[in-house]
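how would this look folded up:
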Amino acid sequence: MSKRYATIITDDDGREVVSAIGQFEGTAPQGRAGHFEPVSPGVLIGMVRGGPVDAAGGFGFPLAGVSGSAVSVVRAALKALSATGRAKSGSMAVAKPGTARRPRKPKAKRAGKRAKSRTRPTQAVKKTTKPEIAAIAGTGE
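Numbers count the residues shown, from 1 in each chain. From the prediction side, this is the model:
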């Protein structure tokens with residue numbers, strides 16, 4: 001009798017995810033990545049252990065919406081906001097109304113010689129006929 005086995009890997013957020021499913025006879029196959037364990041027929045690829053959506057055999061799909069990586073980005077932005085007292089550029093914090101920056105002052109030009117323009121002079125082309133062509137045409141110089 002064959003059994004259904006799943007390859008379980010751990011993702012970046014620490015969740016155990018079903019990576020592959022196979023039906024084998026005998027003992028669990030030896031794998032290179034993750035670990036193998038027998039699963040029920042309702043388990044599908046992409047399910048996580050303890051997932052609440054379409055749960056089957058201890059696995060289910062994760063909730064849609066806020067992921068662990070999105071939470072990390074927001075926490076880092078809030079930490080940067082609280083450390084400096086104001087938002088850094090590119091952070092997700094909202095600026096206060098009426099606190100627009102003043103335009104920058106133009107930088108003073110350096111004193112000294114002005115650079116010369118770098119236009120190259122064109123070479124004059126002398127139009128002469130080649131002696132071989134003139135001999136063939138019959139007009140000699």
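
From here on, just use CA atoms for contacts and neighbour counts.
Will do.

I'd say residue 24 and residue 30 touch.
No: Residue 24 lies out of contact with residue 30 (CA atoms under 8 Å); the separation is 11.5 Å.

Quick one: mean pLDDT for stretch 7-26?
Across stretch 7-26, the average pLDDT comes to 85.

Oops, could you answer that again for stretch 51-66 instead?
On average, stretch 51-66 scores 79.

Residue 8 should be in a strand, yeah?
Yes: judged by DSSP: H, G, I helix; E, B strand; the rest coil, residue 8 forms part of a strand.

That one and residue 47: what is the separation?
10 Å (CA to CA, to the nearest Å).

State which helix of the protein is the longest.
For the chain, the helix with the greatest residue count under DSSP state H is helix 68-84.

Name the residues of that one that are buried.
77, 78, 80, 81 (16 or more other CA atoms under 10 Å).

Which elements pack onto that helix?
The helices and strands touching helix 68-84, judged by 3 or more CA pairs under 8 Å, 6 or more residues apart in numbering; DSSP states H and E, number zero.

hey, C-alpha coordinates of it in PDB?
Presented in PDB, the C-alpha positions along helix 68-84 are these (Å, rounded to 0.1, in the frame of the first residue of the first chain):
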ATOM      1  CA  GLY A  68       5.900  38.700   8.400                       C
ATOM      2  CA  SER A  69       8.100  40.600   6.000                       C
ATOM      3  CA  ALA A  70       5.600  43.500   5.800                       C
ATOM      4  CA  VAL A  71       5.500  43.700   9.500                       C
ATOM      5  CA  SER A  72       9.300  43.900   9.600                       C
ATOM      6  CA  VAL A  73       9.300  46.900   7.200                       C
ATOM      7  CA  VAL A  74       6.800  48.800   9.200                       C
ATOM      8  CA  ARG A  75       8.600  48.100  12.500                       C
ATOM      9  CA  ALA A  76      11.900  49.300  11.000                       C
ATOM     10  CA  ALA A  77      10.200  52.500   9.800                       C
ATOM     11  CA  LEU A  78       8.700  53.200  13.100                       C
ATOM     12  CA  LYS A  79      12.000  52.500  14.900                       C
ATOM     13  CA  ALA A  80      13.700  55.000  12.600                       C
ATOM     14  CA  LEU A  81      11.000  57.500  13.300                       C
ATOM     15  CA  SER A  82      11.200  57.300  17.000                       C
ATOM     16  CA  ALA A  83      15.000  57.300  17.100                       C
ATOM     17  CA  THR A  84      15.500  60.500  15.100                       C
END
